[in-house]
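> any chance you could fold what I've pasted below:
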Amino acid sequence: MFEALRGMACFVTISVSLIYGTRIAWVCGKKCSFKEEPENKKQALYQSTPAATLVYFFGFLVIFNLCISGFVTIFVTSLTSAILLTGAVVTMAMPELKRRPTKK
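Prediction:
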């Protein structure tokens, strides 16, 4: 009974963490338009990127705690994954980096 409840709690925690981390990073990427001044883009990145990384980090801690043993291994793997995923989502959301069809 408790194992099933623990599994459900872990699944919900992981899902919510990945969804909210993606939402924070996506909004941050949408704010970064190349038409704006670099200072405005830096401010948007400095505000939202650490929050998204922290939310992802918490979710990855739960995921890797179920799969891997060793505190240092879990911590380093979670931190690396969170930083890489945040950067990937932010760059995917940037409007200027999206592929546009060529005009004929």
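
> for the residue nearest in space to the middle of the chain, what are its contacts?
Residue closest to the average C-alpha location in the chain (C-alpha atoms, centre = their mean): T86, at 3.8 Å. Residues near T86 by C-beta atoms under 8 Å, 6 or more residues apart in numbering: 21, 25, 49, 52-53, 56. Glycine gets a C-beta too; all of them are placed from N, C-alpha and C.

> if we go to 6 Å?
Contact partners of T86, counting by C-beta atoms under 6 Å, 6 or more residues apart in numbering, are 25, 49, 52-53, 56.

> dump the residues you listed into CSV; add neighbour count and distance to M94 as well.
Formatted as CSV, the contacts of T86 follow (neighbours: other C-beta atoms under 10 Å; distance: C-beta to C-beta, whole Å):
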residue, neighbour count, distance to M94
A25, 26, 11
T49, 19, 13
A52, 26, 14
T53, 20, 17
Y56, 26, 18
